[in-house]
Every structure is written in structure tokens, then in C-alpha cells.
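Visitor: Pasting the sequence and the predicted model now:
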Amino acid sequence: MIENYLDINPEVENAIASNLPIVALESTIISHGMPYPQNKNTALHVEQIVRDYGAVPATIALIDGKLKVGLTENEIDYLAKSGSKIIKASRRDLPYLLSQKIDGATTVSSTMIAADLAGIRVFSTGGIGGVHRGATETFDISADLQELANTNVAVVCAGIKAILDLGLTLEYLETFGIPVLGYQTDELPEFYTQKSGFKVNYNMKNATEIAELLKTKWSLNLKGGVIIANPIPKDKQLDFDVMKKAIDIALAEEKKLGIKGKDSTPFLLQKVKELTGGLSLEANIELVYNNAKLAAQIAKAFCN
């Protein structure tokens, strides 16, 4: 039955059959992350980085009633040109969108689902969702966290999105036994900056150590994913205090306008982009590139 809903690109299918390293990539960043053609160029450059570091890229989206694992350049162009007309597809949305043959851009959670179905174990993204600020009243918690608790995919990211409550997110991750690894760092990166004031669970020195941990975890049938927090390069990070001020202003406006649910993150990221004069988007792109490099290295080590 899965074959009815899964369409794996021949290059990716061959890589799976040959046990070659593969890196899954999401598509929400294409349709909702930035304007055309910057979104298309960024997506293609991320794929090229994965190739340059020895792995096969598998960008994922919902197209024509299928979970497509490995998009063509034309399909990436279609998502990029369509922009926000493409629906953001999380776990909750998959049955409806696929049954109705409605196209969708995959979030962290739905990308993990598709990668797992295809047998891909390493996924590279920007930052993960988490517990929203004020969640003690709103119960606004990203579906990414439950996916990490249940799906055997390692997620390379620049930490938890800075607009969220990092402390509560870490508590949630601990409750569900999700390891938070720091790549060559003891401190959890805060998306746009290397600094957060929070600690990771373990500092991992290289991709081989991370691959060994993944193998050990899943060999023990310890269900769920792993977060690999990869700090944005030092020369690309933004000033911690400037970002904190911009996020605080964005959060205040969100509350004033009554924006909630799945509209919250896009609104906050756009507002922060405006408040920083576009610097937050530039940093976002740089950290995505950086994560793709590490993910390819981990995928290679895991295959070996």
C-alpha cells in the first residue's frame, strides 16, 4: 500500500539499493522561506553542497498525490514559483492532501515521515520547531517534537528556532528521550547565533562519532530521532542582543494581532526579517548550507 503514496526518484532509489549516503531535505523553506528566484537558487545550492560532500540529496514534497522523495529541478522550480500558494504539510495534513491530490511542501515532521518510509536516516534542515512561548496557556507545541519521539531519523539543524521557548523545548525533548547532540559545542546554538545559555546533552567531535551513536541507538530499538545541533559559522552569526530585541518586538506584535497556530512561525520569522533589515534571512541561508555539509558527512559515516 505504501507504494501507492510514495514516489522515489530513480537516483535516490538507486542510492538506497546501493547503500549510498543520502540526505533528506524539506521543501517548506522553498515555498514559504523566501522570494523567487532566491528560494529556487538556495534549494539547488543546498543539493549541490550535499553532492560536493559525497551524498545524494533527496528533497521531499507532496506532488500529484504522492510523497515525492527526490525532486527534479522542474519540480523545485514549480514549488519556488508557487510560493505560499503551496500548503505547508505537517503529519496532520498528509492523509487529506494525499487523498485529495493536493500539492504540499513538507515541514520537519512530514519530511521525517517520508524519509523514514524511504529508509533515509539523515535529514538536514534549518531549525526545528518546539514549544512556543506562552505554551503553558496556549499548549502550542510543534508536531516536530512528537515526530522526533517516534521516527528514526537524525535531524541536523542549527538548534531550536530562536522565536521559541528553548528551555521548555529541551524539557520536552528530555521527557521523550530525544538526545540533543552538539557538533563540536557544549552550548545549544540558538539558530541565528552560537549562544543561547543552554547546554546540549553531549558534545560530539566528528561525523563518525555521531554515526556510531545513531547506529547504537537504533540497534537497541530505542525508537525516535536524534537532534544534531550544528552552530551557525561564527563569521555568519548575528548579534545575540540585537536578535533578542527583534524577537521580543515580533512576539509582542503577534500577541497584539492574535496570531496563533500554524500562522505563528511564518509571521514571526517574517517580522524578524523586517526588523533586522533582511539579515536574519541571510543568516538562515548560511546555516542551512552549513547543516547540509555536516549532514552529508554524517550520512557517509553512517553508511560506512
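Guide: Received it, and whenever you're ready, just let me know what you need.

Visitor: can you pull the contacts of residue 159?
Guide: Contact analysis of residue 159 by C-beta atoms under 8 Å, 6 or more residues apart in numbering lists 127, 128, 166, 188, 189, 190, 191, 196, 229, 231. Glycine gets a C-beta too; all of them are placed from N, C-alpha and C.

Visitor: quick one: which of those has the most company?
Guide: Per-residue neighbour counts (other C-beta atoms under 10 Å) across the contacts of residue 159 peak at residue 191, which has 30 neighbours.

Visitor: OK, contacts around it?
Guide: Contact partners of residue 191, counting by C-beta under 8 Å, 6+ apart, are 126, 127, 158, 159, 160, 161, 162, 232, 284, 287.

Visitor: Among the residues you listed, which lie within helices?
Guide: 284, 287 (DSSP state H).

Visitor: Need the max-distance pair from the contacts of residue 191.
Guide: Maximum pairwise distance in these, criterion C-beta to C-beta, is 14.0 Å, between 160 and 284.

Visitor: Isn't residue 150 up against residue 224?
Guide: Yes: shown here, residue 150 and residue 224 form a contact pair, counting by C-beta atoms under 8 Å, at 5.9 Å.

Visitor: quick one: the helices in this structure?
Guide: Under DSSP H, the chain gives helices at 10-17, 28-32, 38-52, 73-82, 94-99, 108-118, 135-138, 143-150, 166-175, 207-219, 240-257, 264-275, 279-303.

Visitor: Can you add mean pLDDT and distance to residue 59 and give these back as JSON lines?
Guide: Converted to JSON lines, the helices of the chain look like this (pLDDT from 0 to 100; distance: least, C-beta to C-beta, whole Å):
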{"stretch": "helix 10-17", "mean pLDDT": "98", "distance to residue 59": "10"}
{"stretch": "helix 28-32", "mean pLDDT": "94", "distance to residue 59": "8"}
{"stretch": "helix 38-52", "mean pLDDT": "98", "distance to residue 59": "7"}
{"stretch": "helix 73-82", "mean pLDDT": "98", "distance to residue 59": "6"}
{"stretch": "helix 94-99", "mean pLDDT": "98", "distance to residue 59": "17"}
{"stretch": "helix 108-118", "mean pLDDT": "98", "distance to residue 59": "9"}
{"stretch": "helix 135-138", "mean pLDDT": "81", "distance to residue 59": "31"}
{"stretch": "helix 143-150", "mean pLDDT": "97", "distance to residue 59": "18"}
{"stretch": "helix 166-175", "mean pLDDT": "97", "distance to residue 59": "26"}
{"stretch": "helix 207-219", "mean pLDDT": "98", "distance to residue 59": "21"}
{"stretch": "helix 240-257", "mean pLDDT": "89", "distance to residue 59": "28"}
{"stretch": "helix 264-275", "mean pLDDT": "85", "distance to residue 59": "20"}
{"stretch": "helix 279-303", "mean pLDDT": "96", "distance to residue 59": "11"}
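
Visitor: any idea how far residue 76 is from residue 136?
Guide: Residue 76 sits 40 Å away from residue 136 when distances are taken as C-beta to C-beta, to the nearest Å.

Visitor: Check residue 42 too.
Guide: 36 Å.

Visitor: So which of the contacts of residue 159 sit within strands?
Guide: Per DSSP state E, strands hold the following members of the contacts of residue 159: residue 229.

Visitor: now the contacts of residue 159 in JSON lines, with distance to residue 36?
Guide: Below are the contacts of residue 159 laid out as JSON lines (distance: C-beta to C-beta, whole Å):
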{"residue": "127", "distance to residue 36": "22"}
{"residue": "128", "distance to residue 36": "25"}
{"residue": "166", "distance to residue 36": "32"}
{"residue": "188", "distance to residue 36": "33"}
{"residue": "189", "distance to residue 36": "29"}
{"residue": "190", "distance to residue 36": "29"}
{"residue": "191", "distance to residue 36": "24"}
{"residue": "196", "distance to residue 36": "33"}
{"residue": "229", "distance to residue 36": "30"}
{"residue": "231", "distance to residue 36": "29"}
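
Visitor: just curious, which of the contacts of residue 159 is nearest to residue 245?
Guide: Nearest to residue 245 among the contacts of residue 159, with distances taken as C-beta to C-beta, is residue 190, at 13.8 Å.

Visitor: Now the closest one. Nearest residue, chain neighbours left out?
Guide: residue 196 (3.8 Å; C-beta to C-beta, 6 or more residues apart in numbering).

Visitor: Which pLDDT value goes with the one you found?
Guide: On the pLDDT scale, residue 196 is placed at 94.
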